[in-house]
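Visitor: A predicted structure for the sequence below; I have some questions about it.
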Amino acid sequence: MQHHVSASPVFLLCRRRPCGGPDGSPSDFVGTLPAEMSERIFGELDTASLCSASCTCKLWHHIIEESQLLWRSQCLQVRAVCPREVDRDRGDGLSWKVTLVRNYTRSRLKRDWLRGRYSHVRSAEELSGRRMVPLDAETWGEILQAELDR
């Protein structure tokens, strides 16, 4: 049975053992630095690397999963491609992380379309293996205009 314990921010800053060595000593930078410093270092990662780092240990997972700053930064990169979608989700009260998860694949697909990656696709088979997501009419209008401009 798994229990979820809510801890105060002070407790989280002082807690250092989840990623420690066998004797309880810290074995990585997250265990030795204040959480805010670790968060700044994690902020240098891209989205995929951040998700991978989150799987490293419980302490890394907790710092990454709970950091609105990290998810906000990643989400603003997605917003550069999908501003309507991100603004709508944030306006609906969704967290930065949920907004990122909802729009990450869409932003990558839209960016590829706008850059002309699919300009010469002749059949659906050429798109096999590529994850497609629904795009709204305004996005398709942007893609069509980009194709016409090429």
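Guide: Ah, there it is.
Visitor: Which strand or helix spans Leu94?
Guide: Secondary-structure assignment from DSSP states H and E places Leu94 in no helical or strand segment.
Visitor: got a pLDDT number for the nearest residue to it once chain neighbours are set aside?
Guide: Leaving aside its sequence neighbours, Leu94 sits nearest to Arg102 (Cβ to Cβ, 6 or more residues apart in numbering; 7.2 Å). The way it works is simple: take the backbone N, C-alpha and C, and place the C-beta from them, glycine included. For Arg102, the model assigns a pLDDT of 92.
Visitor: What is the neighbour count of Arg102?
Guide: 18 (other Cβ atoms under 10 Å).
Visitor: swap in Arg130?
Guide: 12.
Visitor: what ranges do the helices span in this protein?
Guide: 9-14, 29-32, 35-42, 47-54, 58-66, 68-79, 83-91, 96-114, 137-149 (DSSP state H).
Visitor: Next, format these as JSON lines and append distance to Arg131.
Guide: Shown next, in JSON lines, are the helices of the chain (distance: least, Cβ to Cβ, whole Å):
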{"stretch": "helix 9-14", "distance to Arg131": "35"}
{"stretch": "helix 29-32", "distance to Arg131": "32"}
{"stretch": "helix 35-42", "distance to Arg131": "26"}
{"stretch": "helix 47-54", "distance to Arg131": "14"}
{"stretch": "helix 58-66", "distance to Arg131": "23"}
{"stretch": "helix 68-79", "distance to Arg131": "15"}
{"stretch": "helix 83-91", "distance to Arg131": "16"}
{"stretch": "helix 96-114", "distance to Arg131": "6"}
{"stretch": "helix 137-149", "distance to Arg131": "16"}
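Visitor: closest one to Ala124 among those helices?
Guide: helix 96-114 (14.7 Å; Cβ to Cβ).
Visitor: any idea how far Ala35 is from the residue nearest the centre of the chain?
Guide: The chain has Thr47 as the residue nearest its centroid, 4.3 Å off, counting by Cα atoms, centre = their mean. In this view, Thr47 and Ala35 are 20 Å apart by Cβ to Cβ, to the nearest Å.
Visitor: Alright, I will stop here.
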